[in-house]
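>>> Would you be able to build a 3D model of this:
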Amino acid sequence: MAKTCPPKTPLGTGALLSIGVGGMIGGGIFAVTGLTIELTRGAAPIAFAIAGVVALLTAWSYLKLTLRYPSSGGTVEYLNRAFGPGVLTGALNILLCLSYVILLAIYAYAFGSYGAQLFDGGPLARHLLASGILITLAVLNFLGPHLVIRSENSFNILKLILLVGFIVAGLTLPGEPARLAPAHWVAPLPLLAGAMIIFLNYEGFELIANAAPQATNPRRSLPVAYLGGVAIVLLMYMGIAAAVLLHLGFGAVAAHRDDVLSAAAQQLLGHGGAVAVIIAALAATASAINATFYGSGRLTYLIAKYGELPAEFEHNIRNQPVE
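Coordinates of the predicted model:
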């Protein structure tokens, strides 16, 4: 068995909370708000609330597992504890790794798309920005773990300030509250279906489990990070959905499904508002990439330790599992 990598920088409550919020408020909210409103109509804030309750229950389970089995492997560790190392567990763990690769691709693509929109660039600019942010943050995670937390905090503060500003403006400026009335809600079954589709927006809190071994006071910081993080994101998502519905009709939402937040910001605050939302999207996707790299970077190393990947994945450079 390979020698275990030394622990990373100690993490306090704020750093763990930042990792969770950074993982949850990524590109998803900017991409799926329009789809959510199409699926659930005026009940979109309720759909986000239902999905958030499910996320809170799941986070509670993760909290208990993390306190019982602290490991930088997170979900990998829990699966191996439950079912033992083997072909089935290894396949599930490898699928988990591939899901993070897909998430990184989605976040990078969203970063490139919003960045190209901000600079009026074409497909080449989108690809350069997407590749550039991946390479930059990968190098940052490799060379300076302490810099990762600082950059993550900066990304989170920026996007939260801009998104809170959007929510406050959307809820206080005159709008059309009738769109939020039960008359515009869908039936309970489509509402639940819509809520389960957008549950993916809350994925990201599990990255806290991967960083938990570095927690300075796990029993105090992990409940705040898991439950407080999901609660913050739940309220943010409900506020965003309500703000959009107050200022965009259902037809306009359908026409701007992929960029509904910037369209609503344009309606609310003009061109400056749209630019602010684009900057928030860039900060959100960058923070999601950063949190995913930091939280899942050791997974292949740990899966290899259990014999579920080739031994080459156990090698490391400068105490970092590069693979």
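>>> Distance of Leu158 relative to Gly165?
Separation of Leu158 from Gly165 (C-beta to C-beta, to the nearest Å): 11 Å. Where C-beta positions appear, they are placed from N, C-alpha and C, glycine not excepted.
>>> And Leu11, its phi and psi?
phi -120, psi 130 (degrees, to the nearest 10).
>>> dump the residue contacts of it.
Listed by C-beta atoms under 8 Å, 6 or more residues apart in numbering, the contact set of Leu11 reads 19, 149, 211, 214-216, 221.
>>> Make a PyMOL selection of whichever of the residues you listed turn out to be buried.
Selection of the buried residues among these in PyMOL, burial being defined by 16 or more other C-beta atoms under 10 Å:
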select buried, resi 19+149+211+214+215+221
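>>> Just give me the least confident of the contacts of Leu11.
In terms of pLDDT, the lowest of those is Ile149, showing 71.
>>> show me the contacts for that one.
If you count contacts by C-beta under 8 Å, 6+ apart, Ile149 has them with 9, 11, 15, 18, 294.
>>> Output those residues in TSV, with distance to Val139 appended to each entry.
Shown next, in TSV, are the contacts of Ile149 (distance: C-beta to C-beta, whole Å):
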residue	distance to Val139
Thr9	17
Leu11	21
Ala15	20
Ser18	20
Tyr294	13
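>>> And the residue nearest to Ala183 when sequence neighbours are not counted, how far from Phe313?
Using C-beta to C-beta, 6 or more residues apart in numbering and skipping residues adjacent in sequence, the residue nearest Ala183 is Gly42, 7.6 Å away. According to C-beta to C-beta, Gly42 stands 49 Å off from Phe313.
>>> Then Leu57?
33 Å.
>>> now Leu200
For Leu200, the distance to Phe313 equals 27 Å [C-beta to C-beta].
>>> Please apply the same query to Thr66.
24 Å.
>>> just Ala193 next, same as before
In terms of C-beta to C-beta, Ala193 sits 39 Å off from Phe313.
>>> Then Leu191?
Taking C-beta to C-beta, one finds Leu191 at 43 Å from Phe313.
>>> cool, Ala212 as well?
Computed as C-beta to C-beta, the Ala212 to Phe313 distance reads 22 Å.
>>> So those two - more neighbours on which side?
Ala212 (27 against 19; other C-beta atoms under 10 Å).
>>> Look up the closest residue to the more buried one, ignoring the ones flanking it.
Per C-beta to C-beta, 6+ apart, closest to Ala212 is Thr66, 4.8 Å.
>>> List only buried entries from the contacts of Ile149.
11, 15, 18, 294.
>>> between the residues you listed, which is closest to Ala264?
Proximity of these to Ala264 (C-beta to C-beta) peaks at Ser18, which lies at 26.5 Å.
>>> Could you pull up the contacting residues of the closest one?
Taking C-beta under 8 Å, 6+ apart as the test, what Ser18 contacts is 149, 152-153, 156, 291.
>>> Please identify the helix or strand for Ile94.
helix 87-118 (DSSP states H and E).
>>> pLDDT of that helix, averaged?
So the average pLDDT for helix 87-118 ends up being 87.
>>> mind starting the numbering at 209 from now?
Renumbered: residue one is now 209, and that last one reads helix 295-326.
>>> next SSE after that helix?
helix 331-351.
>>> How about residues contacting that following helix?
312, 316-317, 319-321, 323-324, 327, 329, 355-356, 359, 493-494, 497-498, 501-502, 505, 526, 528, 530.
>>> just stretch 374-387 next, same as before
Residues contacting stretch 374-387 (C-beta under 8 Å, 6+ apart): 250, 392, 444, 447-448, 450-455, 457-458, 469, 472-473, 476-477, 481, 484-485, 488.
>>> Among those, which are located in helices?
444, 447-448, 450-455, 458, 469, 472-473, 476-477, 481, 484-485, 488 (DSSP state H).
>>> Could I have the buried ones of these as ChimeraX selection syntax?
In ChimeraX syntax, the buried subset of those is picked out as below (16+ other C-beta under 10 Å):
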select :444,447,448,450,451,452,453,454,455,469,472,473,476,477,481,484,485,488
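>>> Tell me how far the closest residue to Leu219 other than its chain neighbours lies from Tyr502.
Leaving aside its sequence neighbours, Leu219 sits nearest to Gln422 (C-beta to C-beta, 6+ apart; 4.5 Å). Here the criterion is C-beta to C-beta. By it, Gln422 lies 10 Å from Tyr502.
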